[in-house]
Structure formats: structure tokens, C-alpha cells
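S.K.: coords please:
(2 chains)
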Amino acid sequence: MGNTAQNHRVPGAKGCITGMKYPHLASALLAILLTGTSLFSWSTYASSLEDRYIHVLVPTLPDQAIGGSALLRSAFRQPDLLPALGSSELLQVESSYRAIDFFASYPTGFNVFVVAKVGATPLVLAQDLAAIGPSLRGKKVVISLTPLVFYHPEVYPEDYAGNFSRLHADELAFSPYLSFDLKQIAARRMLDYPDTLSRDPLLRFSLEQLAKDGPLSRLLYYSVLPLGQAQTLILRLQDQREVVSLIGRQPGLDPVVTRSPANPDWESLATQAEKQQAPRTTSNPYGVEDSIWFDTHKAWVDQGKAPGSGDSDYLDHMLRTQEWTDLNIMLRTLKELGAQPLILSLPAKGPLMDALGVSSAARQQFYDSLEGTVAAYGFPLVDYRQFDGDQYFLIDLFSHVSQKGWVYVDQTLDAFYHGSLH
Amino acid sequence: MWTKRWMPFITALSTDPWVRLAALTFYYLAIILGLILMYGKGDFSTPPFIYQGF
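M.R.: Have a look, this model is predicted:
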């Protein structure tokens, strides 16, 4: 055996070829290369699996679509799926008119892929969209908003945390596709919810550097950017693993969906839906569903507010809320990623708002503010303000859509998908 | 006995640079695989909450 160093020495060219001069370095690099190639191949396989099963997963509203991005990316790759992001208004009121049920059989050639969770607000949606990245370019997407979120100074920390996705936040903070300026504005808002960042020190550090204004902070941000992007890549792979596991847990899953072409008669559907809706609201003149009325709304109306007495508070909250900042972050994200969005905003429940002391003139200011904000980005907006006074368009104060309301929303989605929205 | 029988062969292999490279590569691959098994599963859960916007 003798001299160990001598045993390890490999003469001449052979040493260079096999990397024996630095055996550990060569082996480590080779191992990294092999791992990288294997993970890339696995990720490609996972993407093909997602594309194969996405249509059958759409009606199941998988949770992984909310925290992850693989399923949504897959939906954007399908020509017959229209992704729609929003909050509870996209999920509420189970009926055959609800978009996820109405379009389930692809009556007009497409289905809606809903990614929604109660309490999701524009700041959360901006991060969801950032996670899609360049796959959004030229793609249609529906963004649903409710006036309710603009009545509060800002989203509650618990609600934000309940919708927070580390993957989406990382995608925004370390995105190479978004401008520094946009990331900076978003970072300042994301730092308002520090609890959500406690599990990710790198994200927190990056957001802090983004939020500060100075050359040193910028240098520090760009220094950790590659590390952040590597971390994002790992989270993306973990997300794909969850999706593959989700598909694997359903061994008999048939990727073929039933398609039943139809030509909806929107007018008669709306009439029929109103007839079905009316009997569910017999307890009050505002069109609030009976169970909800007795649960909460009746007590609010019984307070007997004078007409217009709530305008001042309403306008104060509405005009100063941070949600406008968040909405601009979301709209800029859409713009910078080159998406073709439809901004859908549900109306207020006018008659009920009147009874709660918020006048039609005050509500009009919200519609106008929203219109002006969205118009600045050149995106189409449908705000249904013509239904503000309609008794049966919504079921409650929180812009949850009734059966009748869904017919109009479905009609809008259909027109948007087919490029006939005017 | 076993050691005596196989040691010359193992020694011969360990001095072969290609075998050493392969063995070290497998060693590093095993470490990476271990890391993937330990940390490959992501946590995409969010804290439960009751919507307070109402």
C-alpha cells in the first residue's frame, strides 16, 4: 500500500480526463449534472401527466391549484380551458348555472378552470399570476373581483395568510419577467404581512431589500436572486410532485371528459333562473336568500339606518383602502406578463345597501374608480353596474351570485372566450 | 477470509481512476437522493381561517 498520495496520483492525460486531480469536484459536478437531467426529465413527464388529466381534474377544484401553479400552468396550455381566478364569488351558490357546473360539459366548446378561495384579494391574485410567468403571454384569463374587498382599509392578515402561497410569493419576488419597480411595490405590500414570511428567511430578506430604495439593497437583492430562483425551482418541482401524487391516488381516473355541445338561449335561461331564485328570498324585499337573511342581514337592516347616513364612512374606506394599490399591482403584473385578461367585477346589492345607509351615488363612485383604474391598463371590464338595483342578481351583501346572476356571468365568460365580448 | 479473498480486487479497483470517479459519483448521488427524500415533499398548506370580510 505504502504512500497514499502516490496511490492517488494518476499520471498524464488520464488524470485530466477522469478528473482525478480533483476527484471529488468532478464527481460532485457529475452527480449534479445527472440529478439535473433526471429532474428535468421527470418534470417533463409530470407536465405531460398534468396535461393529460387536467380536464378531468377541473371539476374537482383541487386544493393544489390554489397553493401550487402546475395545474394552472397546464390549464393555460389547453385551448379549451378558460382560467378564472378570484374569490368565493366564483364558488358560491351550487346550482346548474354556476360557471363550473354550467360549462362542465363544454356546451360551447370550453370549460372554466376556477382557481378561487374565500378571501383571495388582488395582492394574492397578483402572486398567483406571477407564478404563471411567461406562460401567460397572449393567454385569456378572467379575474373576478368583489366590491366588498374595497370597503375595508386592507385585507385582514388572517385572510391573507389563509390564501398565501410560498411558491407564488417566491415566483413574484424572484421573477425575471417582472420589472424591478413592480416587484418593489409588491414587496412593500407583502411585508405588511410578516407572519407569512416567517417560514422563508430568503424570501423575507429579498423582499426587504426590494422594498428599500438604495444601491446597496439592490446589490444585495441581485446577489441572492440566483439562490431565490433555485429555491423557486425546488418549490415548483415539489408542486409537480404533489400533482403527480394527486393523480396517482386516483388509479381509475379516466382522462376523457364528456362533451355535450349546446346553444344556450341566455334570455330564457335568465328568466328561468329568476323564477327559481325568487322563492328562495320570500322573507325580505331585498332578494337576500332566506337563510342568510335570518342569519345576519336582518339584524343589520333592523338597525334602521337613514338614507345616505353611511356614505361618509363608505367613501372614506373605499377611497383610502390599500386594495387600490394591490389592484394596480395585479393589473401591472398582467400587463408585464402580456396576458389578455377580462376583469369581472360583481355589483353591489343596491337595495340592501340603500337600507344600510349607503346611497346609489356613493356606490357609483366605486364603479367609476374601478373603471378608471382598469381603463388605465387598457383591459376590458365588466362590472354589471346595471344590476346594482336588481333584486335577484345577488344572494347577499357580499356579491355572491344568484342563479340568475350566474346566467349573466356565464354569458360574459362565453362571449369573452369566443372573442365576442363588446 | 472474505477480506483476504476480495481485498486485492477491491484495492485494484480503488486505484483505477474510473472506478473511483464512479464510486464518488454514486456517493454524491446518494447524498442528493437523500436530500430529495427528506425535503422533496413540499408543504402547500395554508393556515385555516374564518373569513373576516363579512
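
S.K.: quick one: residue A:369 from chain B, how far?
M.R.: According to C-beta to the nearest C-beta, to the nearest Å, residue A:369 and chain B sit 19 Å apart. To be clear about C-beta, it is placed using only N, CA and C from the backbone, and glycine gets the same treatment.

S.K.: wait, a strand at residue A:254?
M.R.: No: Residue A:254 is assigned coil when assessed by DSSP: H, G, I helix; E, B strand; the rest coil, not a strand.

S.K.: correct me, but it touches residue A:55?
M.R.: No: in this structure, residue A:254 is not within contact of residue A:55 by C-beta atoms under 8 Å, at 10.3 Å.

S.K.: tell me which of these two has more neighbours.
M.R.: More neighbours surround residue A:55 than the other of residue A:254 and residue A:55, with 20 against 8 (other C-beta atoms under 10 Å in any protein chain shown).

S.K.: now the more buried one: which helix or strand?
M.R.: Assigning secondary structure by DSSP states H and E places residue A:55 in helix A:23-57.

S.K.: ditto for residue A:285
M.R.: If you go by DSSP H and E, residue A:285 is not part of any helix or strand.

S.K.: what about the chain, any weak spots by pLDDT?
M.R.: In the absence of a named chain, this looks at chain A. Applying pLDDT under 70 to chain A flags the ranges A:1-20.

S.K.: meant chain B, my bad for not saying
M.R.: The model of chain B has pLDDT under 70 over residues B:1, B:49-54.

S.K.: please redo it, this time with the cut-off set to 50
M.R.: Under the criterion pLDDT under 50, the flagged ranges of chain B are B:54.

S.K.: in it, what residue comes closest to chain A?
M.R.: Closest contact between chain B and chain A, by C-beta to the nearest C-beta, is at residue B:42 (2.9 Å).

S.K.: what's the burial count for that residue?
M.R.: Residues near residue B:42, counting by other C-beta under 10 Å, number 20.

S.K.: and what of residue A:140?
M.R.: Neighbours of residue A:140 under the rule other C-beta under 10 Å: 18.

S.K.: quick check: the gap between it and chain B.
M.R.: 26 Å.

S.K.: leaving out the residues flanking it, which one is nearest to that residue?
M.R.: residue A:340 (5.0 Å; C-beta to C-beta, 6 or more residues apart in numbering or on different chains).

S.K.: now do the contacts for the one you found.
M.R.: By C-beta atoms under 8 Å, 6 or more residues apart in numbering or on different chains, the contact set of residue A:340 is A:138, A:139, A:140, A:141.

S.K.: how about CSV for those, with distance to residue A:372 and secondary structure added?
M.R.: Shown next, in CSV, are these (distance: C-beta to C-beta, whole Å; DSSP: H, G, I helix; E, B strand; the rest coil):
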residue, distance to residue A:372, secondary structure
A:138, 26, coil
A:139, 26, coil
A:140, 23, strand
A:141, 22, strand
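
S.K.: ranking those by neighbours, who comes first?
M.R.: residue A:141 (24 neighbours).

S.K.: residue nearest the centroid of chain B?
M.R.: Ranked by distance to the mean C-alpha position of chain B (C-alpha atoms, centre = their mean), the top residue is residue B:30 at 2.1 Å.

S.K.: packing partners of the helix holding residue A:55?
M.R.: If contacts are counted by 3 or more C-beta pairs under 8 Å, 6 or more residues apart in numbering or on different chains; DSSP states H and E, helix A:23-57 sits against helix A:70-77, helix A:215-248, helix B:17-39.

S.K.: deepest-packed of those helices, please.
M.R.: Among the helices and strands packed on helix A:23-57, helix A:70-77 has the highest mean neighbour count (mean count of other C-beta atoms under 10 Å in any protein chain shown), at a mean of 24.

S.K.: can you list the residues that contact it?
M.R.: For helix A:70-77, the external contacting residues (C-beta under 8 Å, 6+ apart) are A:46-47, A:50-51, A:54, A:57-58, A:62, A:64-65, A:81, A:83, A:113, A:115, A:128, A:131-132, A:135-136, A:139, A:141, A:236, A:239-240, A:242-243.

S.K.: any idea how far the closest residue to chain B within the stretch 251-400 of chain A is from residue A:375?
M.R.: Per C-beta to the nearest C-beta, residue A:398 is where the stretch 251-400 of chain A lies closest to chain B, at 6.4 Å. According to C-beta to C-beta, to the nearest Å, residue A:398 and residue A:375 sit 26 Å apart.
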